[in-house]
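**Q** Give me the fold of what follows.
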Amino acid sequence: MLYWETLHNMLPSILPLLLLSVLAEAAPGKRATAASAYCSNSDGNYKLSSIAPPVQGSGSPGSGSTWKLSIDDTSSGHKQTIVGFGAAVTDATVTSFNTLSSSTLQQLLNELMTGAGAGFALMRHTIGASDLSGDPSYTYDDNGNSTDPSLSSFNLGDRGNAMATMLAKMKSLQSSLKILGSPWSAPGWMKLNGVIDRTTKDNNLNDGYLTRGGTGSTGYASAFAQYFVKYIQAYEDLGAHIDAITIQNEPLHSQAGYPTMYMFDYESAQLIQNYVGPALAQAGMNTDIWAYDHNTGMLSRTSNFESIFRLLTDGYQTCHPTLRTSSTWLASMSTR
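**A** Just a heads-up that it's a prediction; the model follows:
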């Protein structure tokens, strides 16, 4: 996942890739016979402007005039799978879109979701409030911040319903759309500090991990798992099928100014293996669980997560075969 500051630095290299994906979507099955190049810069001198492409050849390091590219697109050459290109849908997105007239909104969604436009095929959305939500922060079971282990007060609320409705509209225009959901925080009553935001002290799930008994011995590990089940079911009822989840946005980040929750690597593994995964399987869901939902600046920490998830995969896949250890970048790309 990339946030704006990272995205801004990467735009010069990302834009050609995104453009190529759009062209490929608009003209499936066609292979270009020559390279095309387009450029944009921060000064505004170039705005997706066509420029002379580099000449094919070996060139020298740092040369901008030549290129040498070899793509092995046979089955033996495949090293990774790109699930899709797309964007993030936050409360700010939904609020902004819903200020548009119905005709303008339809035109915008057509340009985003269909082959006549960008043809987005993957959308990542926020489960509850994020740093792009208005006050007050919320989840789908706040219950006046009173404990609710049975989740009897689970409710998408106005903003959750609006989010699910918008995603359903996108899905209606792009039948192959995959939707990934990520929470910024569990309900406050599930956490050690009892709140969604405003403090970094004890900003952890109350699941027993930080006690001698270990994950699940006390606290709300089971309720946390059922929270995902209820969320997926509620979105499905509104026409937004959830294809994948991560159990925590930026698990190694704790911030007081907006909803966050710190989650250790071993803790994540135990929650997925013993609670979230079995809960999804028992509910008959085919939802993927994607691991390590963090910024690219934290990639040096991925080795811990990858080793942990390799340890749990064999046992976990017997009941739920769709665990993927991946990094999600631009809310639109995963590798496995």
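**Q** got any ranges where the stretch 201-336 of the chain has weak pLDDT?
**A** Within the stretch 201-336 of the chain, the stretches falling below the threshold (pLDDT under 70) are 297-336.
**Q** where exactly do the helices run in it?
**A** Counting by DSSP state H, counting those that start in this stretch, the stretch 201-336 of the chain has helices at residues 221-237, 265-271, 277-282, 302-317.
**Q** In this protein, which residue is most central in space?
**A** R124 (4.1 Å; C-alpha atoms, centre = their mean).
**Q** T139 - how many residues pack around it?
**A** Under the neighbour criterion other C-beta atoms under 10 Å, T139 is assigned a count of 25. (Glycine included, C-beta is placed from N, CA and C.)
**Q** got it, and N203?
**A** N203 has 23 neighbours, counted by other C-beta under 10 Å.
**Q** check contacts around the spatially closest residue to it that is not a sequence neighbour.
**A** Nearest residue to N203, sequence neighbours excluded (C-beta to C-beta, 6 or more residues apart in numbering): S254, at 4.6 Å. Contacts for S254 were tallied using C-beta atoms under 8 Å, 6 or more residues apart in numbering; they are T200, N203, T260, M261, Y262.
**Q** which among those residues gets closest to G128?
**A** Comparing those against G128 with C-beta to C-beta places M261 closest, at 11.0 Å.
**Q** and the closest one, how far is that from E250?
**A** When C-beta to C-beta, to the nearest Å is the yardstick, M261 and E250 sit 9 Å from each other.
**Q** Could you check which of these two is surrounded by more residues?
**A** For M261 versus E250, neighbours defined as other C-beta under 10 Å are more numerous around M261 (26 against 21).
**Q** wait, doesn't that one sit right on P187?
**A** No. Under the contact definition of C-beta atoms under 8 Å, M261 does not touch P187, with a separation of 10.3 Å.
**Q** any idea what G84 is structurally, helix, strand or coil?
**A** Judged by DSSP: H, G, I helix; E, B strand; the rest coil, the three-state class of G84 is coil.
**Q** my guess is it contacts A121, does it?
**A** Yes. Shown here, G84 and A121 form a contact pair, counting by C-beta under 8 Å, at 3.4 Å.
**Q** list residues touching both of these two?
**A** Counting by C-beta under 8 Å, 6+ apart, the residues touching both G84 and A121 are S176, L177, K178.
**Q** Can you tell me the closest non-neighbouring residue to A37?
**A** Excluding the flanking residues, the one nearest A37 by C-beta to C-beta, 6+ apart is P53, at 4.0 Å.
**Q** Am I right that the one you found is in a strand?
**A** No. Assessed by three-state DSSP, P53 does not belong to a strand; its assignment is coil.
**Q** Now stretch 33-43: buried residues?
**A** Residues S40 are the ones in stretch 33-43 that count as buried (16 or more other C-beta atoms under 10 Å).
**Q** That one - what's its average pLDDT?
**A** Per-residue confidence for stretch 33-43 averages out to 78 on the pLDDT scale.
**Q** ends of it, how far apart?
**A** Distance across stretch 33-43, first residue to last, is 32 Å (C-alpha to C-alpha, to the nearest Å).
**Q** Off-centre distance for that stretch?
**A** On the basis of C-alpha atoms, centre = their mean, to the nearest Å, stretch 33-43 sits 28 Å off its chain's mean C-alpha point.
**Q** what do you get for stretch 172-184?
**A** Remark: stretch 172-184 is offset 9 Å from the chain centroid, using C-alpha atoms, centre = their mean.
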